[in-house]
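Peer 1: Sequence isn't available, so here's the structure alone:
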């Protein structure tokens, strides 16, 4: 039999009205009483009726994920992280694809929030880097948390990762494997992470007394296809690098395909690294040396701090930088 609010009231020795006020996070409830009610809620496993709560609190218990990202693996990890946060708090998730280039973007999102009664948004790159867009959301009193923004505003909710440091460490690992001729495939030009990874790459080259070769630096957009095209261009050069650092695993997989079509083997003829440690990094052979990004944990934290803000739990609304991990696999060869 399902536990009711009456059961919580009896267990905590308070009125049903008091239980309701605690559950709905209303003011003027003594801290001792609040803790007693919450202890009974946890003890009995009481699950509040979100529909009823929604009517009383004017909250819909709906979050929305905004994205414009060609990398399906990244999006899947973000979704999974947010879902995990939502299922423990009674929130639901709506997923909304956007066109960051659209002149109607802000108006479309404002209308979307109204139509679906969205409580708050979790926003991914490149949208999280668009300051005018974020400022317009704030002007319209739309709550949001951003993932991997270019500017980490202390007054906003965000999660980030150490892209620059991670790219520096990965490039140093390539150099430590005695490679001196190293190519680089940039990520989406509108993603701040792309520039951070490229700058980390350049810094590591400089630290080791190496110069970048412009012939081996190509623009991608985080898709398999852009990696393939970049590989084709590089392999038409008069001299081919011994290693290529792709800004994500999907592009690295595309480069691997173009190398194979050229009759080259990874890692015997070309060492190859990616970034993110997405599933494809271990699904292809040889498995990719890469940077493991805690994307699911980042997305879950973004959702949790947004929900905590709705619930008035200020102490739980702290933004956070997540650390990445270097993962060395068979695609990187010692010269």
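Peer 2: Cool, the structure landed. What you see is a predicted model, and the numbers here were worked out from it, not measured in a lab.
Peer 1: Which positions in stretch 107-122 come out as buried?
Peer 2: Neighbour-count burial for stretch 107-122 flags 109, 112-113, 118-122 (criterion: 16 or more other CB atoms under 10 Å). Glycine gets a C-beta too; all of them are placed from N, C-alpha and C.
Peer 1: So which of those sit within helices?
Peer 2: Members of the buried residues of stretch 107-122 lying in helices (criterion: DSSP state H): 109, 112-113.
Peer 1: Make JSON lines from the buried residues of stretch 107-122 and add pLDDT and distance to residue 183 to it.
Peer 2: Shown next, in JSON lines, are those (pLDDT from 0 to 100; distance: CB to CB, whole Å):
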{"residue": "109", "pLDDT": "95", "distance to residue 183": "38"}
{"residue": "112", "pLDDT": "93", "distance to residue 183": "41"}
{"residue": "113", "pLDDT": "93", "distance to residue 183": "43"}
{"residue": "118", "pLDDT": "93", "distance to residue 183": "43"}
{"residue": "119", "pLDDT": "93", "distance to residue 183": "45"}
{"residue": "120", "pLDDT": "94", "distance to residue 183": "41"}
{"residue": "121", "pLDDT": "96", "distance to residue 183": "37"}
{"residue": "122", "pLDDT": "96", "distance to residue 183": "34"}
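Peer 1: JSON lines for these, including distance to residue 16?
Peer 2: Listed next are these as JSON lines, based on distance: CB to CB, whole Å:
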{"residue": "109", "distance to residue 16": "40"}
{"residue": "112", "distance to residue 16": "37"}
{"residue": "113", "distance to residue 16": "34"}
{"residue": "118", "distance to residue 16": "31"}
{"residue": "119", "distance to residue 16": "26"}
{"residue": "120", "distance to residue 16": "30"}
{"residue": "121", "distance to residue 16": "35"}
{"residue": "122", "distance to residue 16": "35"}
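Peer 1: just curious, which of those is nearest to residue 193?
Peer 2: Set against residue 193, the nearest of the buried residues of stretch 107-122 by CB to CB is residue 122 (16.5 Å).
Peer 1: surely that closest one meets residue 148?
Peer 2: No: between residue 122 and residue 148 there is no contact under CB atoms under 8 Å: 11.6 Å.
Peer 1: Mind telling me what element residue 212 is part of?
Peer 2: For residue 212, there is no host helix or strand (DSSP states H and E).
Peer 1: Which residues are in contact with it?
Peer 2: Counting by CB atoms under 8 Å, 6 or more residues apart in numbering, residue 212 touches 184, 201-202, 205.
Peer 1: same check, this time on residue 40
Peer 2: 8, 11-12, 46.
Peer 1: Look up how far residue 3 lies from it.
Peer 2: Here residue 40 is placed at a distance of 10 Å from residue 3 (CB to CB, to the nearest Å).
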